[in-house]
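Q: my questions are about this predicted structure, shown below with the sequence.
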Amino acid sequence: MSKVVEMSAAAQAQTTPQSIRGTQSLPTRKIRVIGVPLDLGASRRGVDMGPSAVRVAGLEARLEALGHHVVDGGNIKVEIAETQKPGEANAHYLKQITETCTRTADAVLKTLEAGETPLVLGGDHSIAAGTVSGVSEYYHHQKQKLGLIWIDAHSDINTPETSPSGNVHGMPLAALLGLWTGPLGAIYEHSPKVAPENTVIIGVRDIDAAERENIRRAGVTEVYTMRDIDERGMRTVMEEALRTAGRGTAGYHVSLDMDWIDPEDAPGVGTPVRGGATYREAHLAMEIIADHGRMVSMEIVEVNPVIDEHNRTADLAVELACSAFGKKIL
């Protein structure tokens, strides 16, 4: 997308070299890690092992090395596919996924109420319906809005009526925006969970034909494709995106699907698509999020150790989490 905007104060600060800006770290956070080993939303199995792979890559120790206090809250209960019936053909395992997302939402809500920052590890991207619902509910109680940064190769805005596969991991954004009024969007009472004018999609390069219309129907106007990143640069895209997600909100949730990154750097993902963000582009995006300091929660999804190479993708996920929580080069 192309538009002319004035450079914000934060953007102006970015023009100052790191050595001049200084290396003052961000405020220390109390971070609670919540695992959601769900793989019912996708066709390819294996992302249920993602939370374990990210933990094995040293997530807790590496965040604590930045000065944060980290508590691992364990895993949310998830049903196993082999013990369940898939249900409707256009929304496989919807009942079980909704139950898991409801438990996730409750855990996230309690985390925020305790003054901690939720860091949720997936699992497939359908867990976002639970994570974002919990964060949104917390701020709804305070009569505040939530922004959403959706970083993904896919827009995940199908509904059961438009989905070509019936896989629910391609539907959570539709539920969160109120485009789909099914049970996944009915966690807690208020809907939509996020307003379209505070929702930004970044890095998409594989969108179903019906999803293009769904994006328009939902009212999301800020969608940055990989072409936008190629032409305009990651910094410009992120500055605009964070300004949109932060306008009139308490802050924003960052939903990071590891398939946003090119398979050359992140081979172990649920749905790999060539032509994604590079290693440095991904880190730059997270570093800019940290610089702004308004991220209230984060989730990292779709790490699939079954097709990974020596846990490379999980290790990168940990690196990106560290950048989002304030790790600097100097």
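A: That came through fine. Numbers count the residues shown, from 1 in each chain.

Q: burial measure for the residue nearest to residue 327 when sequence neighbours are not counted, as a count.
A: Of all residues not flanking residue 327 in the chain, residue 66 sits nearest, at 5.7 Å (Cβ to Cβ, 6 or more residues apart in numbering). Bear in mind the C-beta positions are built from the backbone N, C-alpha and C, glycine included. Counted with other Cβ atoms under 10 Å, the neighbours of residue 66 add up to 18.

Q: go ahead and confirm residue 66 touches residue 323.
A: No - Residue 66 lies out of contact with residue 323 (Cβ atoms under 8 Å); the separation is 9.9 Å.

Q: wouldn't residue 32 be in contact with residue 115 here?
A: No - counting by Cβ under 8 Å, residue 32 sits too far from residue 115 to count as a contact (10.0 Å).

Q: so which of those two has more stuff around it?
A: residue 32 (23 against 9).

Q: which strands or helices does the one helix or strand that one maps to pack on?
A: Assigned by DSSP states H and E, residue 32 belongs to strand 30-36. Here strand 30-36 touches helix 50-56, helix 59-64, strand 69-75, helix 94-113, strand 117-122, going by 3 or more Cβ pairs under 8 Å, 6 or more residues apart in numbering; DSSP states H and E.

Q: of all these, which one is nearest residue 177?
A: helix 94-113 (15.3 Å; Cβ to Cβ).

Q: what lies in contact with the closest one?
A: 32, 34, 36, 38, 40-41, 73, 76-79, 84, 87-88, 117-118, 120, 126-127, 129-131, 133-135, 137-138, 160, 168, 182-184, 187-188, 296-297 (Cβ atoms under 8 Å, 6 or more residues apart in numbering).

Q: who touches residue 205 in this structure?
A: Taking Cβ under 8 Å, 6+ apart as the test, what residue 205 contacts is 153, 225-226, 273, 275-276.

Q: mark which of those are buried, thanks.
A: Neighbour counting with 16 or more other Cβ atoms under 10 Å marks 153, 225-226, 273, 276 as buried within these.

Q: please work out which of the helices and strands packed on strand 30-36 is packed deepest.
A: Greatest average neighbour count among those goes to strand 117-122 (a mean of 27), per mean count of other Cβ atoms under 10 Å.

Q: name the residues that touch that one?
A: Against strand 117-122 from outside (Cβ under 8 Å, 6+ apart): 29-38, 47, 50-51, 54-55, 59, 104, 107-108, 111-112, 127, 131, 134-135, 296-303, 321.

Q: what pairs with that strand, parallel or antiparallel?
A: strand 30-36 (parallel), strand 295-301 (parallel) (DSSP bridges).

Q: export those as JSON lines, with columns for mean pLDDT and distance to residue 232.
A: Below are the strands paired with strand 117-122 laid out as JSON lines (pLDDT from 0 to 100; distance: least, Cβ to Cβ, whole Å):
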{"stretch": "strand 30-36", "mean pLDDT": "98", "distance to residue 232": "32"}
{"stretch": "strand 295-301", "mean pLDDT": "98", "distance to residue 232": "22"}
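
Q: redo the ones you listed as CSV? Include distance to residue 173.
A: Conversion of the strands paired with strand 117-122 to CSV gives the following (distance: least, Cβ to Cβ, whole Å):
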stretch, distance to residue 173
strand 30-36, 17
strand 295-301, 12
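
Q: which of those strands is buried the deepest?
A: Of the strands paired with strand 117-122, strand 295-301 is the most buried (mean count of other Cβ under 10 Å), at a mean of 25.

Q: chain center to that strand, what's the gap?
A: Distance, stretch centre to chain centre, for strand 295-301: 6 Å (Cα atoms, centre = their mean, to the nearest Å).

Q: restrict that strand to CA atoms and write it as CSV.
A: The C-alpha trace of strand 295-301 is given here as CSV (Å, rounded to 0.1, in the frame of the first residue of the first chain):
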residue,chain,number,x,y,z
MET,A,295,3.5,-4.0,22.7
VAL,A,296,1.2,-5.4,25.5
SER,A,297,1.3,-9.1,24.5
MET,A,298,2.8,-11.4,21.9
GLU,A,299,2.3,-14.8,20.4
ILE,A,300,4.6,-16.8,18.2
VAL,A,301,2.9,-19.6,16.2
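
Q: just the buried ones from the contacts of helix 94-113?
A: For the contacts of helix 94-113, buried by 16+ other Cβ under 10 Å: 32, 34, 36, 38, 40-41, 73, 76, 78, 117-118, 120, 126-127, 129-131, 133-135, 137-138, 160, 168, 183-184, 187-188, 296-297.
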